[in-house]
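Colleague: output the structure for:
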Amino acid sequence: MLSNIRTSNISPEAASPNTAVRGAGSPSRRALLRTAVAGTATAGSVLALGSAFPASAAPPAPATGSRPKTPEQALRELAAGNRRWRTYRQEHPNESPSTRLRLAKGQSPFAIVLGCVDSRVPPELVFDQGLGDLLTVRSAGEVLDEAVLGSVAYGVLELKIPLVLVLGHQSCGAVGAAVHADETGERLPAHIQYLADQIRPAIDRNQHGDARVRATIDAHARRTRERLAAEPDLARAISAGKLAVAAARYDLHDQRVSTLN
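Modeller: Okay, here's the model as predicted:
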């Protein structure tokens, strides 16, 4: 069982709080897309990850040919990769001719990263991973819709991926636009307005100016994590100890990934 395991940041030196990973039932996917589910997690379904993160250094990556099989192992590998990336020691793994031939026969990625479309935050680079390592799903502001939900569910149910990481990022344009529209009442172009409508419930109105945008970036990533963990198929995998859903933020200035509680 994972319920008694706690986690520190994906970036071991970061000062952000520990990650919490939640799961709960939800009546339908469409209801999931229309409402927040904060407060709906059931007692006993709250999972925490990763006590094995050392405080002073990133854990080593798995041995060559070894794939993370558990949520904890997946988080450790992402932590190690992000440390390589932000210290300019990237390895660019799993790009060899033999790897490309092997992957032609099938894939077994170890983590799903739901990130933003921002060109500055490509998950394979941020976590220094290669071909076949990550199933990446990207939408502006990590906004959920049926296609995004189906893509995540495919990775969990069909590929048996043990970790879903929602990755928000500093200076997110979609979040900034949503906050601006909320403050001014301005209507955005139709499809962009859809993004703003999905982000609006996470807006932190206790903050002002740039602080409001920063707080909303984190709140929206947490809310997206909650909504994913409430999706019935994912919630069952969480309850069985086969899956964790976590949230994190990428900082553009120092390239550090920090988990969000």
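
Colleague: measure the most centrally placed residue in the chain to residue 147 for me?
Modeller: Closest to where the C-alpha atoms of the chain average out (C-alpha atoms, centre = their mean) is residue 166, at 1.7 Å. According to C-beta to C-beta, to the nearest Å, residue 166 and residue 147 sit 16 Å apart. Any C-beta I mention is one placed from the backbone N, CA and C, and that applies to glycine too.

Colleague: repeat that for residue 124.
Modeller: 21 Å.

Colleague: quick one: which of those two has more around it?
Modeller: residue 124 (18 against 10; other C-beta atoms under 10 Å).

Colleague: that one - nearest residue in space that isn't next to it in sequence?
Modeller: Distances taken as C-beta to C-beta, 6 or more residues apart in numbering place residue 134 nearest to residue 124, at 6.0 Å, with adjacent residues excluded.

Colleague: do residue 157 as well
Modeller: Residue 157 sits nearest to residue 233 (C-beta to C-beta, 6+ apart), 6.0 Å away.

Colleague: which strand residues bridge the residue nearest to the centre of the chain?
Modeller: Here residue 166 sits in beta bridges with residue 114, residue 247, as judged by DSSP bridges.

Colleague: what pLDDT does it get?
Modeller: On pLDDT, residue 166 comes in at 98.

Colleague: how is residue 228 assigned, secondary-structure-wise?
Modeller: helix (DSSP: H, G, I helix; E, B strand; the rest coil).

Colleague: mind checking how far the closest residue to residue 67 other than its chain neighbours is from residue 91?
Modeller: Distances taken as C-beta to C-beta, 6+ apart place residue 110 nearest to residue 67, at 5.3 Å, with adjacent residues excluded. Distance, residue 110 to residue 91, by C-beta to C-beta: 16 Å.

Colleague: so how far is residue 171 from residue 159?
Modeller: For residue 159 relative to residue 171 (C-beta to C-beta), the value is 32 Å.

Colleague: same check, this time on residue 230
Modeller: Using C-beta to C-beta, one obtains 28 Å as the distance from residue 230 to residue 171.

Colleague: these two: who's more crowded?
Modeller: residue 230 (26 against 16).

Colleague: now for the helix or strand harbouring residue 83, which elements pack on it?
Modeller: Under DSSP states H and E, the secondary-structure element containing residue 83 is helix 71-86. Contact analysis of helix 71-86 by 3 or more C-beta pairs under 8 Å, 6 or more residues apart in numbering; DSSP states H and E lists strand 111-115, helix 123-126, strand 163-169, strand 244-250, strand 257-260 as its packing neighbours.

Colleague: tell me which of those is the most buried.
Modeller: Neighbour counts (mean count of other C-beta atoms under 10 Å) averaged over each of these peak at strand 244-250, with a mean of 29.

Colleague: extract the C-alpha trace of that strand and format it as CSV.
Modeller: C-alpha atoms of strand 244-250 as CSV (Å, rounded to 0.1, in the frame of the first residue of the first chain):
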residue,chain,number,x,y,z
ALA,A,244,-0.8,8.1,-8.5
VAL,A,245,-1.8,11.5,-9.8
ALA,A,246,0.4,14.4,-8.8
ALA,A,247,0.7,18.1,-9.6
ALA,A,248,3.8,20.2,-10.1
ARG,A,249,5.1,23.5,-11.4
TYR,A,250,8.0,24.3,-13.7
